[in-house]
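**Q** got a predicted model here, sequence first, then my questions.
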Amino acid sequence: MEKIPFAPPRIDQAIIDEVTETLRSGWITTGPRTKQLEKEIAALTHSPAVLCLGSATAGMELALRWLGIREGDEVIVPAYTYCATANVVVHCGAKPVMVDVLRTDGTLDPGKVAAAITPHTKAIMPVDLGGMPAHYREIGDLIRNPAALKLFSPGSPEQEQLGRIALIADAAHSIGATYRRKPAAEWADATVFSFHAVKNLTTAEGGALCLNFPEPFDNEAIYKTLNRWSLHGQSKDALAKFGGNSWEYDVLEAGYKCNMPDVLAAIGLVEIRRYESDTLPKRRVQFDLYHNLLSGFSWAELPWFATAEKQSSCHLYLLRIRDISLEQRNAIIQRVFDAGVSVNVHYKPLPMLSVYREMGYSMKDYPVSCDFFEREISLPVFYDLSPAQQERVVQVLADAVQAETGASSGLPFHKTV
Ligand SMILES: Cc1ncc(COP(=O)(O)O)c(C=O)c1O
């Protein structure tokens, strides 16, 4: 029986050639390829400045630290996300204030965000779940409304200059997505993408921090500061120290170590050059096909990936099964695995994780996240997934749902694809 994996990376000859060339070039750590990738991400996302890093987690943490987020501060995050979104807030000593999500697309519920804003709120971190941008206009309106501006109490020179709650987008899933016809990165002060191995655009591990702070901020100057912070606060990076007699450097602050090496940027350069012309369209076709195959099943609650306002990057196909319990969902997943198809669950809500449960967060405060999680199954999506494999995924799933719930499993399979 052929096994269908969940999301293997696309490692083809083009990637192997570019990585090999980088290895042969003699320069494998941060250098020309990383800087070139930053330029190409800036062009794709219309960002004034982009810093490539070792992960999205590092990018989110640098952004929060640069804003001066610290103990006593609150940062609003969705309860329904990967742990990284809240962990970085904890790293800064601040409190993640978890807010429930919308039933429709699983992104932060702006109405509930409004109720969670206090004088301690310093930032909001929406998550573009599965590649679907959060509701940036509504959240942007909230942080700019007179009541929120009055409540805002800056705790650092950067917060003082911004004069309002910062919007830091966890866009780990959504490179290439659009919101109101613009790249989603244009709607937040800072936007962070992940290039982890399972992401639409990968560098094996990696991330990019896109800086888009409003005037009078100088995003290029912020870039320079954070670039230095990503390398221990050294006044010169390895490339600047290389060649000639330029070994001497200073350390201006006790920085971090989270730079992206060229050998990984090489993968990203191949990926980004085919992203809009090849990767994204392919994923959209795959999402459309799942939609067509599943739309005849009354048990299938299909994910939103294109609305009048938003175009998803089609990262995760977040299917929900109607009217099932957590136990039934888990049993369905087991059957699907037994039939050779890898599926996944995104996400176990943060309050269910030991670390956050022990801090006092409780699932009863997040009914939508709870319901989303209990009925969610993410289907395989990757470049080489064929239409025939997608049909098999859906057939296997339909059989599993029928076995667990008695629902019909036969409907749309005589349609031509
Ligand atoms: C929603 C979300 N945020 C942040 C991250 C962290 O990304 P990285 O692994 O690049 O740090 C992930 C990774 O899967 C994610 O899914």
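**A** Looks like it arrived, so ask away.
**Q** need the contact partners of stretch 347-366.
**A** Contact with stretch 347-366 is made by 77, 79-83, 85-86, 96, 98, 100, 369-370, 372-373, as judged by Cβ atoms under 8 Å, 6 or more residues apart in numbering. C-betas here are computed from N, CA, C, even on glycine.
**Q** cross these against helices and list the overlap.
**A** Counting by DSSP state H, the contacts of stretch 347-366 place T85, A86, S369, C370, F372, F373 in helices.
**Q** hmm, back to that, buried ones from the contacts of stretch 347-366, can you make that a ChimeraX selection?
**A** Buried residues within the contacts of stretch 347-366, by 16 or more other Cβ atoms under 10 Å, are selected in ChimeraX with:
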select :77,79,80,81,82,85,86,96,98,100,369,370,372,373
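**Q** check which helices and strands the longest helix anywhere in the chain sits against.
**A** The residue-count maximum for a helix in the chain (DSSP H) belongs to helix 387-405. Where contact means 3 or more Cβ pairs under 8 Å, 6 or more residues apart in numbering; DSSP states H and E, helix 387-405 is packed against helix 280-294, helix 326-338, strand 376-379.
**Q** what packs against the longest one?
**A** The reference is to helix 280-294. Using 3+ Cβ pairs under 8 Å, 6+ apart: helix 280-294 touches strand 317-321, helix 387-405.
**Q** please see if the helix or strand I267 falls within touches the ligand.
**A** According to DSSP states H and E, I267 maps onto helix 262-273. No - judged by Cβ under 6 Å from any ligand atom, helix 262-273 stays clear of the ligand, getting no closer than 11.5 Å.
**Q** and that helix, C-alpha only, in PDB?
**A** Output in PDB follows, covering the C-alpha atoms of helix 262-273 (Å, rounded to 0.1, in the frame of the first residue of the first chain):
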ATOM      1  CA  ASP A 262      23.900  31.200   3.600                       C
ATOM      2  CA  VAL A 263      23.700  27.400   3.100                       C
ATOM      3  CA  LEU A 264      20.000  27.600   4.300                       C
ATOM      4  CA  ALA A 265      19.300  30.900   2.400                       C
ATOM      5  CA  ALA A 266      20.400  29.000  -0.700                       C
ATOM      6  CA  ILE A 267      17.300  26.700  -0.400                       C
ATOM      7  CA  GLY A 268      15.100  29.800   0.200                       C
ATOM      8  CA  LEU A 269      16.400  31.500  -3.000                       C
ATOM      9  CA  VAL A 270      15.400  28.600  -5.200                       C
ATOM     10  CA  GLU A 271      12.000  28.400  -3.300                       C
ATOM     11  CA  ILE A 272      11.200  32.100  -3.500                       C
ATOM     12  CA  ARG A 273      12.000  32.400  -7.200                       C
END
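**Q** how about the helices and strands packed on helix 280-294 in TSV, adding mean pLDDT, mean neighbour count and distance to L64?
**A** Formatted as TSV, the helices and strands packed on helix 280-294 follow (pLDDT from 0 to 100; neighbours: other Cβ atoms under 10 Å; distance: least, Cβ to Cβ, whole Å):
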stretch	mean pLDDT	mean neighbour count	distance to L64
strand 317-321	98	23	27
helix 387-405	98	19	38
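**Q** distance of the spatially closest residue to L167 that is not a sequence neighbour relative to N219?
**A** Take L167 and drop its neighbours on the chain: the residue closest to it by Cβ to Cβ, 6 or more residues apart in numbering is A188, 4.3 Å away. Between A188 and N219 the computed distance is 13 Å (Cβ to Cβ, to the nearest Å).
**Q** who touches both of those two?
**A** Residues touching both A188 and N219 (Cβ under 8 Å, 6+ apart): N212.
**Q** could you say which helix or strand contains the residue of the chain positioned farthest from its centre?
**A** Ranking residues of the chain by C-alpha distance from their mean position (Cα atoms, centre = their mean) puts N245 at the top, at 41.9 Å. N245 belongs to no helix or strand when assigned by DSSP H and E.
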